[in-house]
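S.K.: I would like to see how this sequence folds:
(one chain, ligands or ions: 2)
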Amino acid sequence: MNQQALVLIKPDGLKKSLTGNILARLSETKLEIVAAKMVRVTKELAEEHYKHMKDKPFFKELIKYIQGELHDRRKVMAMVYWGKDAIEKVRELAGSTNPEEAESTSIRGSFGRITTSGIYENVLHASTDTEEAEREIKLWFDPDEIIVELYPTKKTIVDKHEKRVWS
Ligand code: ADP
Ligand code: MG
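M.R.: Ligands and ions are numbered 1, 2, ... in the order given. Predicted coordinates:
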C-alpha cells in the first residue's frame, strides 16, 4: 500500500552533520521524497507536533530539543517520504525511540544518545501510523509544498492575509 510519512532530521542530527548520512540510509528504501524544506520551529509548532506527549515529565525539554535550543541549531529538516509501506520502512531504518535499545545498525542506534537530563536525542522523527502521518504532514506542510496530491484540498480566497514576497 502506498503511504506517506513525515521525516524530520532533528537539531542534533543537523549539528552532527548527519543529513547526508540519514538521506543515504533512507534512500535504501527506494521511497520518493515528495516534499522537503528547512524549518525554524516555533514553540506553537513544537507543542502541536508533540501534543500527545504533553503529560510527560520531559515535555518542556522535548519542546526545547525540537526547537534546537539544546544544540544551538534552530532548525529542522522536514521531508515527506512516499511509496509502498513508507511508514514501516522508515521506522525500521530509524530504529526504536530509545537509542540505547535501538538496533545498533539503525540510524538511532548508530547516532542517538540519552542526555544527562534524560531526553532521548535520537536524530530523526518518523511518523508511526497513517493517522499520525496525516496529522503531521498537514501540520508541517501546505498542499502546494508537496509535489503529489496526498490528501484532498480545496481552493479558498484568503482575505487580508499578510504574506512576505520578494522585494
Ligand atoms: P518516536 O519519536 O519514536 O515516535 P515518541 O513519539 O514516543 O517516539 O516520543 C517523541 C520523542 O520524545 C522521541 O523521539 C524522543 O526524542 C522523546 N522521548 C520519548 N520517550 C522518551 C523518554 N522516555 N525519555 C526521554 N525522551 C523521550
Ligand atoms: Mg512518535
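S.K.: show me what contacts whatever residue of the chain ends up closest to ligand 1?
M.R.: Proximity of the chain to ligand 1 (C-beta to the nearest ligand atom) peaks at residue 97, 3.4 Å away. Just so you know, the C-beta spots here come from the backbone N, C-alpha and C atoms, and that holds for glycine as well. If you count contacts by C-beta atoms under 8 Å, 6 or more residues apart in numbering, residue 97 has them with 108, 120, 122.
S.K.: so the first one: helix, strand or coil?
M.R.: Read it as residue 108. Assigned with DSSP: H, G, I helix; E, B strand; the rest coil, residue 108 falls in the helix class.
S.K.: i'd like the first residue to be 10 from this point on
M.R.: Sure thing, new numbering starts at 10, so read that last one as residue 117.
S.K.: quick one: it and residue 99, what's the gap?
M.R.: Using C-beta to C-beta, to the nearest Å, residue 117 is found at 12 Å from residue 99.
S.K.: ok, the second one next?
M.R.: For residue 129, the distance to residue 99 equals 18 Å [C-beta to C-beta].
S.K.: likewise for residue 143?
M.R.: In this view, residue 143 and residue 99 are 15 Å apart by C-beta to C-beta.
S.K.: between those two, which one's more packed in?
M.R.: Legend: neighbour count by other C-beta atoms under 10 Å for residue 143 and residue 99, higher for residue 99 (27 against 15).
S.K.: which parts of the chain sit against ligand 1?
M.R.: Residues of the chain lying close to ligand 1 (C-beta under 6 Å from any ligand atom) are 62, 67, 71, 106, 127-129, 131, 134, 137.
S.K.: out of those, which are inside helices?
M.R.: residue 71 (DSSP state H).
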